[in-house]
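**Q** here is a sequence together with a model predicted from it:
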Amino acid sequence: MPENITRYELPPAGITLLGYVVRRMHKTRWLMSIPELIAAGKTEQALANIAMYAVTSSTSFGRAYYQPQFNSTGAEISEPDPLTGANVTAKLISTSPHYLITYTATMPNGDIFSGSEEITGTTVGLRGLGMPAPSKFNFTSGAYTAELTGVLTSELALSLIGRTRIRAYGFLNFSDNTGNTGKLDIDRNNSIRLKINGKNMERQFA
């Protein structure tokens, strides 16, 4: 992901954890074409776009400028996506025993993407500090619905020269109510492998 995207997510003035989550979700352009795709019967591509939004809105790649400030339980932050006008809201449900965050992106036409992630702790390894987050998502556009579940791990790759990086890896399984099923894998090199109905696709962040 371009460095300026991470700078947007972690602005120089500072940001809270929920603010960071909301900024991270400001990639709703992936959802703009969904109604048109559904109307054209291209539900396979619609599901692919939803999966891409789910993973890109849940992860960051780039310089970890600082750690966001923690919010209090029950805090809620909303900010529209400046590109699409979608209203994005994130809420901190609990901090114990794990951080549980819920969020919603409501598109101008009424389509809704919602989800939750539960940060289960921090793992320490040779590649850095990992924060696995079991996640689940739902998307609704008229009569069309999709569900996605998986585990996405954010990882801080530490550096002795002050350029700690943030990246992610993990997977999502998903399906919709028109019979499409698929799986997405993302690795630390920002490479996404997307398979729907047995068809392989290689995608990069866009």
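**A** Noted; the coordinates are in hand.
**Q** for the rest of this, base every contact and every neighbour count on C-alpha atoms.
**A** OK.
**Q** give me the mean pLDDT for stretch 43-57.
**A** On average, the pLDDT along stretch 43-57 is 96.
**Q** same check on stretch 184-200?
**A** Stretch 184-200 comes out with an average pLDDT of 92.
**Q** list the buried ones in it?
**A** 184-186, 188, 190, 192-196 (16 or more other Cα atoms under 10 Å).
**Q** regarding it, how distant is the last residue from the first?
**A** Stretch 184-200 has an end-to-end distance of 10 Å (criterion: Cα to Cα, to the nearest Å).
**Q** any idea how far residue 137 lies from residue 86?
**A** As defined by Cα to Cα, residue 137 lies at a distance of 17 Å from residue 86.
**Q** oh sorry, the question was meant for residue 23
**A** 12 Å.
**Q** sorry, back to before: between the buried residues of stretch 184-200, which is closest to residue 36?
**A** Among the buried residues of stretch 184-200, residue 196 lies closest to residue 36 (Cα to Cα), at 19.1 Å.
**Q** the residue lying closest to the closest one once chain neighbours are set aside: how many residues sit nearby?
**A** For residue 196, ignoring the flanking residues on the chain, the nearest one in space by Cα to Cα, 6 or more residues apart in numbering is residue 182 at 4.1 Å. Using other Cα atoms under 10 Å, residue 182 has 21 other residues around it.
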